[in-house]
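Colleague: got a sequence here, can you build the structure:
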Amino acid sequence: MIEFNFIIGTMDDAYDQIATWLGNRPRDNVMHFDDYTGKGSVLITELENGFFIRTWDYTVNEDTKFRIRPVNKDYPVMFMINYLLTPDAFWIDTGIGGPGPVKKISKLNNIIFSSNQSEFAFNVRGGVRARALDICFTYEWLLRQYPANNKDNAASVISRDGQQPVFFETFSIDDYRMVSEIMEKVLNNKWDNIFFKSRVLTLMDEVLKNIFNKKSTESGRTPVHADLMMEVEKKLNSILHEKLPNLKEIAKEFSMSDSTLKRQFKQVYGKAIYEYYLYKKMDLAKRMLLEKDMTISQVAYSLGYEKASPFIRVFKKQFGVPPGSLRASRNTHDLSPQE
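Modeller: Numbering: from 1, shown residues only. As a prediction, this is how the structure comes out:
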């Protein structure tokens, strides 16, 4: 396996590191390569001072490890959000200073949030097309995006013990569509910084809200069972193709009463547990209708419905239109959950 050391740094750092990897610096923000390392392209563009993006579309010739190293404490604090469009191309090592736990990337954890105090490694599989979007920003830029009464939220992403955690989040179909739009414009050489910035800020907003929520659970501002609620949420995501078990069964599995489960899940995630489960299930259904050559009945059956009619009813309630409308317009229909 080939290895390269990277840091989460400034745009100049990013240019230098790409040059170290590929042997040349990007020209006009873009680097195309076809050599012994692999084939593909990298775009890097600054949207504001302290805020830039990179898009990656490449295939390496052999398994390659990009080891992310923490920077000196005197270095400005920076963050990175990675959106991995091709989860099968990646896996993550989260060990510190050596081999550690391996995090499999899947459609349920293909957004990664980290800082330049985090230490982990991106591993890219040889011969598999890898597509990703990176959003990089300084701590100062992050603080400027929040009004005074919300600065504590922004500050909460800084770990007080010095070691920054690596968070994993889930792509929604809306995330996927926006990232795909960005990648398509890059591929077609259509530069539009206003478009890029609007899409990127929308993507960041949801991820950072989730991170703030998780950090608040660690600081004791949420219920004592918040860590268990995160495990419950993972279980819900793992059974989207099945029927939701009885809440008493879930509560028993996590050693709590069903009333405590219902109350604290809503406190942490803002939705009743069954409402949250349906939201995630329908979001997965929308992804399947957009990406897979499946009939509505096939999607319904794969998600645990015995008949298509109740699936259609739930889908329409969430998105305001039946699934047939999405299938008819395929990738051009803009669906958002109904409030």
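
Colleague: endpoints of stretch 241-248, how far apart?
Modeller: Using Cα to Cα, to the nearest Å, the span of stretch 241-248 from its first residue to its last is 20 Å.

Colleague: what sits opposite the most centrally placed residue in the chain in the beta ladder?
Modeller: Per Cα atoms, centre = their mean, the C-alpha nearest to the average position across the chain is that of Ile111, at 2.0 Å. With DSSP bridges applied, Ile111 shows beta-bridge pairing to Tyr83, Glu169.

Colleague: is it correct that it is in contact with Met80?
Modeller: No: between Ile111 and Met80 there is no contact under Cβ atoms under 8 Å: 11.1 Å. The C-beta positions use only the backbone N, C-alpha and C, and glycine is treated the same way.

Colleague: poorly predicted segments of this structure, please.
Modeller: Counting by pLDDT under 70, the chain contains low-confidence residues at 25-26, 94-109, 146-165, 171-173, 189, 191, 211-227, 268, 327-339.

Colleague: check the offset of the one helix or strand Glu140 maps to from the chain's centre.
Modeller: Assigned by DSSP states H and E, Glu140 belongs to helix 139-144. Centre-to-centre, helix 139-144 and its host chain are 20 Å apart (Cα atoms, centre = their mean, to the nearest Å).

Colleague: list the buried residues in that helix.
Modeller: Under the neighbour-count criterion of 16 or more other Cβ atoms under 10 Å, helix 139-144 has 139, 141-142 buried.

Colleague: put the alpha carbons of it into CSV.
Modeller: Output in CSV follows, covering the C-alpha atoms of helix 139-144 (Å, rounded to 0.1, in the frame of the first residue of the first chain):
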residue,chain,number,x,y,z
TYR,A,139,-12.5,28.2,13.2
GLU,A,140,-12.6,32.0,12.8
TRP,A,141,-14.6,31.6,9.6
LEU,A,142,-17.0,29.3,11.4
LEU,A,143,-17.5,31.8,14.3
ARG,A,144,-18.3,34.5,11.8
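
Colleague: residue ranges of the helices in the stretch 201-339 of the chain, please?
Modeller: For the stretch 201-339 of the chain, the helices defined by DSSP state H, counting those that start in this stretch occupy 226-238, 247-253, 258-269, 273-291, 296-302, 308-319, 323-329.

Colleague: packing partners for the longest one?
Modeller: Contact partners of helix 273-291 among helices and strands, from 3 or more Cβ pairs under 8 Å, 6 or more residues apart in numbering; DSSP states H and E: helix 173-187, helix 226-238, helix 247-253, helix 258-269, helix 296-302, helix 308-319, helix 323-329.

Colleague: got TSV for these, with mean neighbour count and distance to Gly127 too?
Modeller: TSV is the format used below for those (neighbours: other Cβ atoms under 10 Å; distance: least, Cβ to Cβ, whole Å):
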stretch	mean neighbour count	distance to Gly127
helix 173-187	18	20
helix 226-238	16	29
helix 247-253	15	40
helix 258-269	18	39
helix 296-302	17	29
helix 308-319	17	37
helix 323-329	16	33
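
Colleague: and of those helices, who's closest to Asp57?
Modeller: Of all those, helix 173-187 sits nearest to Asp57, with 6.8 Å by Cβ to Cβ.

Colleague: quick one: list the elements packing against the closest one.
Modeller: So helix 173-187, by 3+ Cβ pairs under 8 Å, 6+ apart, packs with strand 51-60, strand 130-138, helix 193-218, helix 273-291.

Colleague: in a markdown table: the ones you listed, plus mean neighbour count and distance to Lys185.
Modeller: Converted to a markdown table, these look like this (neighbours: other Cβ under 10 Å; distance: least, Cβ to Cβ, whole Å):
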| stretch | mean neighbour count | distance to Lys185 |
| --- | --- | --- |
| strand 51-60 | 21 | 9 |
| strand 130-138 | 21 | 12 |
| helix 193-218 | 16 | 7 |
| helix 273-291 | 19 | 19 |
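
Colleague: now these as a markdown table including distance to Leu85?
Modeller: Shown next, in a markdown table, are the helices and strands packed on helix 173-187 (distance: least, Cβ to Cβ, whole Å):
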| stretch | distance to Leu85 |
| --- | --- |
| strand 51-60 | 9 |
| strand 130-138 | 4 |
| helix 193-218 | 12 |
| helix 273-291 | 11 |
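
Colleague: just tell me which of these ends up closest to Ala89.
Modeller: Closest among the helices and strands packed on helix 173-187, using Cβ to Cβ: strand 130-138, at 3.9 Å.

Colleague: thinking again about what came up before, Leu208 is nearest to which of the helices of the stretch 201-339 of the chain?
Modeller: Using Cβ to Cβ, the nearest of those to Leu208 is helix 258-269, at 16.0 Å.

Colleague: what angle do that closest one and helix 273-291 make?
Modeller: 50 degrees (axes from the mean of the first three to the mean of the last three Cα atoms, to 10 degrees).

Colleague: roughly how far is helix 258-269 from the heart of the chain?
Modeller: 24 Å.
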